[in-house]
Structures are given as structure tokens and as C-alpha cells.
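> Provided below for reference: sequence and predicted model.
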Amino acid sequence: KVVFIKGPAGTSKTFCAIYCGLKLLQSKRVSTISYVRTIIESASRSLGALPGDEKLKMEPFLIPLMEKLEEFLPKSQRERLVKENHVKGIPVNYLRGTSLNAQYIICDEAQNFDRKEMTTAITRLGQFSKMIFIADPDQSDINGKSGFLPFFDLFNDEESHAQGIYCFSFTKNDIVRSGILRYICERLESVLKTPK
């Protein structure tokens, strides 16, 4: 019912999550894939306020979703799924008060969800839904305020497994994006983990 996945860049976390969501959608086990992101930018500087309505403001945060859909589906299918609201993006700030029933919910870049946002997201889980939290804790942009690892640790036990909640960790050995990325992650890890 709920899966927490952590791992470095390039381990196909988002790719696998979207693939599974499309399979569940195809088999009619869910009616919608909801892609949830926080509106934290992953840079030291902000672009500032984005123009347009909610949909336009959300577009930059949906790039990973749209990129993966392009890999899996022809353009006509992608457009139909989005038009018919079978695939949609939602900012985590708009989730409170909703019930997500019969949906496959992907909470991507969850290392940027603080504890309140993690709580808001996980407590939206309704009947017949599945929720996936995907994170690379080394790429958090919220200065140590991430709620992802505390939630990962909280639900990483046998009692949670019995309820259908699982935690999974990828390592740098699972990087498939490119050989050079594995090298880069190893070098970054040695620098980031060394006390100054």
C-alpha cells in the first residue's frame, strides 16, 4: 500500500514508479496516477514567482513525469491520459482535506518534503490506493528539515510490513543512468561524508 524508496541519482526510482503506475492503470486497478511534488526549487537561487495559473506554475515540477511518460507511451496516449485526468500533477500544499481513492500516488523528490508535508501526503491515502515516496536524501534542498528519513525509519519494521508498508534502499551499485554517474556519486559521497 505504501512504499518508501531512497537512493542516489540514476537508480531509476522515478522511472520504476511511473512504470508500475502505468501497469496498474492499464489493468484498471487504479483510476489515476497522481504525481505529487513540493514546490521547492532544487537550486541555491530561485527563479522567483512563476507566471500563470496553478497549472502553468506546476509545469516545471512535472518535467520528470512527462519525460518518463514520453519514454513509455506514444504522444496520443500521453495526451489522452492527461486530458482525461488519468495522469495529473498536484502540489503537496493542495492535498490537505482530500481523500485519494483508487489512485497511484507518486510523491517524488520526497527529500524536500518537511514533516508536515510528509504527514499531509501519507494521511491522504484512501481506499484501493497505493502511495510511493521517492527520495535521494543527499539532494535535500530544505536545510536539514526533511521529513523523509524520519518517516522511512518509522515505518521500516515488521509491524508496518504486516500493514503493507515497505521501505527499500538503492545504493550507488544500482545506478543505471550512466557509468560516469556512479563515479561522480562515489566522489561526491567521499566529500560529503568527510568531516570538515
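Yep, that arrived.
> tell me which helix or strand in the protein has the weakest average pLDDT.
Least confident helix or strand, the chain: helix 54-58 with a mean of 66, by mean pLDDT, DSSP states H and E.
> and the next element down the chain from that helix?
Once the chain leaves helix 54-58, the next helix or strand it forms, by DSSP states H and E, is helix 63-72.
> ok, now which ones touch S146?
S146 is in contact with Q111, N112, F113, D114, A135, P137, S140, counting by CB atoms under 8 Å, 6 or more residues apart in numbering. The way it works is simple: take the backbone N, C-alpha and C, and place the C-beta from them, glycine included.
> which one among those residues gets closest to S190?
P137 (16.6 Å; CB to CB).
> of the contacts of S146, buried ones?
Buried members of the contacts of S146, scored by 16 or more other CB atoms under 10 Å, are Q111, N112, F113, D114, A135, S140.
> and the contacts of S146 as JSON lines, adding secondary structure?
Output for the contacts of S146, formatted as JSON lines (DSSP: H, G, I helix; E, B strand; the rest coil):
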{"residue": "Q111", "secondary structure": "helix"}
{"residue": "N112", "secondary structure": "helix"}
{"residue": "F113", "secondary structure": "coil"}
{"residue": "D114", "secondary structure": "strand"}
{"residue": "A135", "secondary structure": "strand"}
{"residue": "P137", "secondary structure": "helix"}
{"residue": "S140", "secondary structure": "coil"}
